[in-house]
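In: fold the following for me, if possible:
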Amino acid sequence: MPLRRAETSGAGSMGKEGWVQAVEKREKGDFELQRWRFRASMMVA
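Out: From the prediction side, this is the model:
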């Protein structure tokens, strides 16, 4: 199970709270990127 191994190696040092924050930060970054792409496509159109 690769997910289980990633949990123990990656999240073990940070703790669960750190892992959750990292995921939320990544999702927020993806949202910002999508919003920027949307604005760029609106300017082009």
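In: show me the shaky parts of this protein.
Out: The chain contains residues with pLDDT under 70 at 1-14, 45.
In: which residue ranges of it form helices?
Out: Under the criterion DSSP state H, helices of the chain are mapped to 2-6, 12-14, 16-44.
In: could I get these as a markdown table with mean neighbour count?
Out: (Each C-beta comes from the backbone N, C-alpha and C, glycine too.) Below are the helices of the chain laid out as a markdown table (neighbours: other C-beta atoms under 10 Å):
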| stretch | mean neighbour count |
| --- | --- |
| helix 2-6 | 8 |
| helix 12-14 | 11 |
| helix 16-44 | 10 |
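In: distance of residue 24 relative to residue 36?
Out: Distance of residue 24 to residue 36, computed by C-beta to C-beta, to the nearest Å: 19 Å.
In: go on, residue 19?
Out: Going from residue 19 to residue 36 by C-beta to C-beta gives 26 Å.
In: how about residue 26?
Out: In terms of C-beta to C-beta, residue 26 sits 16 Å off from residue 36.
In: please apply the same query to residue 42.
Out: Look at residue 42 and residue 36: by C-beta to C-beta, they are 11 Å apart.
In: with residue 25 instead?
Out: The gap separating residue 25 from residue 36 is 17 Å, by C-beta to C-beta.
In: also residue 30?
Out: Using C-beta to C-beta, one gets 11 Å for the distance from residue 30 to residue 36.
In: and what of residue 17?
Out: Using C-beta to C-beta, one obtains 29 Å as the distance from residue 17 to residue 36.
In: do the same with residue 28
Out: According to C-beta to C-beta, residue 28 and residue 36 sit 13 Å apart.
In: same question, residue 20
Out: Distance of residue 20 to residue 36, computed by C-beta to C-beta: 25 Å.
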